[in-house]
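Colleague: please work out how this folds:
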Amino acid sequence: MIVGMLVSAAIAVFGLLVALGRIGHPIDDQLVSNYGWSILTIGIALFVLFGFGWFNRTRKARSSARTLGRSA
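Modeller: Numbers count the residues shown, from 1 in each chain. Got it, this is the predicted structure:
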């Protein structure tokens, strides 16, 4: 999960750099910033997805540890 979050954060940073015009160049007078905003959105969505999965996994682990502690 952590690796997925790091990769998606890198994708989001790459998308932001493309959207701001720091990376890439216009192809046939087309702006690449639209593609950059799309990549940024995808990166953020993946980060949230992996973060939500990680949060649920840790929450379930804490919940089961509390349940096991009470029954003993």
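
Colleague: helix or strand for residue 23, which one?
Modeller: Following DSSP states H and E, there is no helix or strand that holds residue 23.

Colleague: brain fart, residue 35
Modeller: helix 33-71.

Colleague: need the mean per-residue confidence for that helix.
Modeller: Mean pLDDT, computed over helix 33-71, is 86.

Colleague: any idea how far residue 49 is from residue 56?
Modeller: 11 Å (C-beta to C-beta, to the nearest Å). To be clear about C-beta, it is placed using only N, CA and C from the backbone, and glycine gets the same treatment.

Colleague: compare those two (neighbour count), which wins?
Modeller: Residue environment comparison for residue 49 versus residue 56 gives the larger neighbour count to residue 49, 14 against 11, counting by other C-beta atoms under 10 Å.

Colleague: residues touching the more buried one, list them.
Modeller: Contact analysis of residue 49 by C-beta atoms under 8 Å, 6 or more residues apart in numbering lists residue 8.

Colleague: from residue 66, how far out is it?
Modeller: As for residue 49, its distance to residue 66 is 26 Å (criterion: C-beta to C-beta).

Colleague: cool, residue 55 as well?
Modeller: When C-beta to C-beta is the yardstick, residue 55 and residue 66 sit 17 Å from each other.

Colleague: ok, residue 16 next?
Modeller: Taking C-beta to C-beta as the criterion, residue 16 is separated from residue 66 by 40 Å.

Colleague: so between those two, which is more surrounded?
Modeller: For residue 16 versus residue 66, the count of surrounding residues by other C-beta under 10 Å is larger for residue 16: 17 against 10.

Colleague: and for the closest residue to the more buried one other than its chain neighbours, the neighbour number?
Modeller: With sequence-adjacent residues excluded and distances taken as C-beta to C-beta, 6 or more residues apart in numbering, residue 16 is closest to residue 40, at 5.1 Å. Close neighbours of residue 40, defined as other C-beta under 10 Å, add up to 20.
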